[in-house]
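A.B. asks: 3D, please:
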Amino acid sequence: MTLTVGPLTAGTGRKVRGTVPVDLGPVTADLPVTLVGGARPGPRVVLTGGVHGGEFAGVDAAARLAGLLTPEEVRGQVVLCPVANPPAVYQGRLGTSPLDGVNINRVFPGDPDGGPTERLAAWLFAHLLPGADALRRSAQRRHRRDP
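C.D. replies: Numbers count the residues shown, from 1 in each chain. Here you go, the predicted structure:
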């Protein structure tokens, strides 16, 4: 089965890495995406990192996994997007986008005709999630001790 996100396509037994342009209105963001079409049938798993700008551990984990996975060891399909929110990640903004001051977690599933962050959320929903059997958002976890 063929896996396609934007201009990137990976068939069975193929791995493709590249960037996908996303129109955010005033700017275009390039999202790094890796598609792995496993050698055998199975579920489609989507992994994202960098939904918030300060989630560097998630960005690193997703990027490393994208480099390590091979089609021979995958059953099904894997979609990896290590930097799901480039404007926030590349400026180190933890809670809000530098483009419009909006927290992406507050606008999912987004609006394709809205502001930059709403457009990005809508694009992620429309292009990464369709057909997914599982979604995992890599995040830097903070552990809190209750008194």
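
A.B. asks: list the beta-bridge partners for the residue positioned nearest the centre of the chain.
C.D. replies: Centroid check for the chain by CA atoms, centre = their mean gives residue 81 as the closest residue, at 3.2 Å. Here residue 81 sits in beta bridges with residue 48, going by DSSP bridges.

A.B. asks: touching, it and residue 127? I think so.
C.D. replies: No: between residue 81 and residue 127 there is no contact under CB atoms under 8 Å: 9.4 Å. The way it works is simple: take the backbone N, C-alpha and C, and place the C-beta from them, glycine included.

A.B. asks: quick one, strands of this protein?
C.D. replies: 3-5, 8-10, 14-23, 28-37, 40-48, 75-81, 134-137 (DSSP state E).

A.B. asks: mind checking pLDDT for the residue nearest to the centre of the chain?
C.D. replies: For residue 81, the model assigns a pLDDT of 98.

A.B. asks: show me the contacts for it.
C.D. replies: With contact set as CB atoms under 8 Å, 6 or more residues apart in numbering, residue 81 has these partners: 31-34, 46-49, 62, 124, 128.

A.B. asks: most neighbours, which of those?
C.D. replies: residue 49 (30 neighbours; other CB atoms under 10 Å).

A.B. asks: which residues does that one contact?
C.D. replies: 55, 58-63, 81-84, 137-139 are the contacts of residue 49 under CB under 8 Å, 6+ apart.

A.B. asks: looking at those residues, spot the one nearest residue 110.
C.D. replies: residue 84 (11.9 Å; CB to CB).

A.B. asks: for residue 52, see how far away that closest one is.
C.D. replies: As defined by CB to CB, to the nearest Å, residue 84 lies at a distance of 9 Å from residue 52.

A.B. asks: and for residue 110?
C.D. replies: From residue 110 to residue 52 the distance is 15 Å (CB to CB).

A.B. asks: which of the two has more residues huddled nearby?
C.D. replies: residue 52 (23 against 19).

A.B. asks: contacting residues for that one?
C.D. replies: Residue 52 neighbours (CB under 8 Å, 6+ apart): 85, 88-89, 93-95, 103-105, 139.

A.B. asks: brilliant, that's me finished.
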